[in-house]
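K.L.:
here is a sequence with its predicted model. Questions after.
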Amino acid sequence: MKKILVIGAGISGLTAAYRLRLDGHDVTVVESGNAPGGWVQTDQDSHGGRIEKGPQLMAVEAGTPLHLLLCSLEIPLTTHRHLSRFIGIDGRLIRVPRNLLEFFKSPLLTLQGKLRIFLEPFLYHFVDKGREYTLQEAIEKRFGFEVANRLAPALVNGILAVPASEVSQESFPVFSKSNDRSLLWESIKRGSTILATPSRGMGQLTQVLASKCTIVFNTEITTLEYRQQHWHASGASYHEKFDSIFLATAAHKAATLLTSISPRLSSVLRNIEYTSLHLCHSTHSYNKTLDDSLGFLLHPNESEFLLGCFVSSSLEPLDKSKTLKLRTFIKANQSPAPNWQDIYSELLKWLPDLSPCAFSRIETAQLAIPKLQLGQSPEIITALKDLPMGLDWIGGARFGPGVKDIVEGIDSWMKRSDLEA
């Protein structure tokens, strides 16, 4: 058994700490804030509904690390299999196909563009296996020009909050290190993916994980030092020694702690950019367009500041009043954040029958989404080799932007680690 410190009580830190405890180690988590989960937290609004601070739901597939984690924690799931989604393009909302018949009828792509998708299992052999593409290039190489320029930009913009041309394929885990296999064939073999949420919201996952861990809150680690065969972690009111320390923090925070230990890795991590968002929660009366819908994402060319809109109430039990709760995502390239009237005016372009809101709240998600650019992923992998034994960085930016990506990344990391109970 080893005495281990995990710095950071976000989803990556909590998952790693839980897995390490299952392996028999003595694990302590230190968190600079006063609550676990990072952005994976659920608040309650004044009407008893949920307000998610981070991701709204998860893609769960049987037998995956995320599914096994949820089963291990005995967290009941609410599934959302049949809710529709829309993409805003050409000035209108177009439904995303839910089956093969709807796909061939959809106006999102031409017939040629649709047929091009099915050539991917044959054409992927011609992708340069040794090259790292931008995400835009990777999508076009695999699925053709139309998908890369009409369909994918809205999805990427809605997840990463930046155009696909500005990030590496490594920033989107499904494309990460995928040059040697067919993505379409892999998707068919996996079968259907269930969209699900814990029964009490996404924050239930981090709350249950936190209950399984020993966490010291409101404590900032400022110095790491190796001496007398132990790692020493120190802060203004904290000092302990450990066999191993794992940094489950944002890249820029890890960079500061690693400045003297690994200057190269510190420099690489410091150069990783993060994207911020403004989030607006609002409540409206029933809207026919968004009935039984998860909401819509906009093509980047369709709005100066609006990324998309999520129907939060679609994940809650239906009530007789059919209250519509929206979560609107706004680019953080405007300071201060747009006021509600500007947001409402933009929403009316896509939802002309949207009623005025009964409640609204705007918050900012500072540095919420990592933005990996070309060459940064190989730099990270190479620089991580500089770290001495017993020290590692397992921040979310290493594994991907979503809960599923992080849990799978921690699982792979655990299998590669040389820790022995």
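P.N.:
Arrived safely, thanks for sending. Since the structure is predicted, the reported quantities are computational estimates derived from the model, not experimental observations.
K.L.:
tell me where the stretch 101-250 of the chain has strands.
P.N.:
194-198, 214-216, 221-227, 230-235, 238-242, 244-247 (DSSP state E, counting those that start in this stretch).
K.L.:
out of the ones you listed, which comes closest to residue 311?
P.N.:
strand 194-198 (12.8 Å; Cβ to Cβ). From N, CA and C alone the C-beta is placed, and that goes for glycine too.
K.L.:
show me what that closest one is in contact with.
P.N.:
56-61, 70, 75-81, 83, 204-205, 294, 315 (Cβ atoms under 8 Å, 6 or more residues apart in numbering).
K.L.:
which other residues reach the lowest-mean-pLDDT helix or strand in the chain?
P.N.:
In the chain, the helix or strand scored least confidently by mean pLDDT, DSSP states H and E is helix 183-190, which has a mean of 79. With contact meaning Cβ under 8 Å, 6+ apart, helix 183-190 is reached by 61, 117, 118, 120, 121, 124, 142, 174, 175.
K.L.:
would you mark the buried spots in it?
P.N.:
183, 184 (16 or more other Cβ atoms under 10 Å).
K.L.:
okay, it in PDB with CA atoms only?
P.N.:
Extracted C-alpha coordinates of helix 183-190, given in PDB (Å, rounded to 0.1, in the frame of the first residue of the first chain):
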ATOM      1  CA  LEU A 183     -14.500   5.200 -37.200                       C
ATOM      2  CA  LEU A 184     -17.700   4.300 -39.000                       C
ATOM      3  CA  TRP A 185     -17.000   0.600 -38.600                       C
ATOM      4  CA  GLU A 186     -16.000   1.000 -34.900                       C
ATOM      5  CA  SER A 187     -19.300   2.900 -34.300                       C
ATOM      6  CA  ILE A 188     -21.400   0.200 -35.900                       C
ATOM      7  CA  LYS A 189     -19.600  -2.500 -33.800                       C
ATOM      8  CA  ARG A 190     -20.300  -0.600 -30.600                       C
END
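K.L.:
tell me how far that helix lies from the chain's centre.
P.N.:
21 Å (Cα atoms, centre = their mean, to the nearest Å).
K.L.:
as CSV, the strands of the stretch 101-250 of the chain with mean pLDDT would be great.
P.N.:
Output for these, formatted as CSV (pLDDT from 0 to 100):
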stretch, mean pLDDT
strand 194-198, 89
strand 214-216, 97
strand 221-227, 96
strand 230-235, 96
strand 238-242, 96
strand 244-247, 98
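K.L.:
quick one, which of those is nearest to residue 36?
P.N.:
Judging the strands of the stretch 101-250 of the chain by Cβ to Cβ, what sits closest to residue 36 is strand 214-216, at 6.3 Å.
K.L.:
that closest one pairs with which strands, parallel or anti?
P.N.:
strand 26-30 (parallel) (DSSP bridges).
K.L.:
neighbouring contacts of the helix or strand following the partner strand?
P.N.:
Per DSSP states H and E, the first helix or strand lying C-terminal to strand 26-30 is strand 42-44. Residues from elsewhere that reach strand 42-44, judged by Cβ under 8 Å, 6+ apart: 50, 51, 52, 53, 200, 201, 202, 203, 204.
K.L.:
just the buried residues of those residues.
P.N.:
50, 51, 52, 53, 201, 202, 203, 204.
K.L.:
isn't the last one up against residue 75?
P.N.:
Yep, that's residue 204 we're talking about. Yes. Between residue 204 and residue 75 there is a contact at 6.2 Å, judged by Cβ atoms under 8 Å.
K.L.:
secondary structure element for the nearest residue to residue 332 once chain neighbours are set aside, which one?
P.N.:
Leaving aside its sequence neighbours, residue 332 sits nearest to residue 276 (Cβ to Cβ, 6 or more residues apart in numbering; 3.8 Å). Using DSSP H and E, residue 276 sits within strand 273-284.
K.L.:
could you point out which element follows that strand?
P.N.:
By DSSP H and E, the next helix or strand past strand 273-284 is strand 293-298.
K.L.:
and that following strand, what does it pack onto?
P.N.:
strand 84-89, helix 152-160, strand 306-311 (3 or more Cβ pairs under 8 Å, 6 or more residues apart in numbering; DSSP states H and E).
K.L.:
spell out the secondary structure type for residue 17.
P.N.:
What DSSP: H, G, I helix; E, B strand; the rest coil gives for residue 17 is helix.
K.L.:
quick one, what contacts it?
P.N.:
So residue 17 contacts 6, 27, 29, 209, 213 (Cβ under 8 Å, 6+ apart).
K.L.:
can we see that at 10 Å?
P.N.:
4-6, 8-9, 25, 27-29, 209-210, 212-215, 246, 248, 410 (Cβ atoms under 10 Å, 6 or more residues apart in numbering).
K.L.:
how near is residue 297 to residue 350?
P.N.:
Using Cβ to Cβ, to the nearest Å, residue 297 is found at 11 Å from residue 350.
K.L.:
sorry, wrong one. I was asking about residue 82.
P.N.:
22 Å.
K.L.:
which one of these two has more residues nearby?
P.N.:
residue 350 (21 against 8; other Cβ atoms under 10 Å).
K.L.:
hang on, the more buried one packs against residue 309?
P.N.:
Yes. Using Cβ atoms under 10 Å, residue 350 is in contact with residue 309, at 7.8 Å.
K.L.:
can you list residues touching both of those two?
P.N.:
With Cβ under 10 Å, 6+ apart as the test, residue 350 and residue 309 both reach 86, 88, 290, 296, 298.
K.L.:
from those residues, which one has the minimum pLDDT?
P.N.:
Least confident entry in those, by pLDDT: residue 290, with 89.
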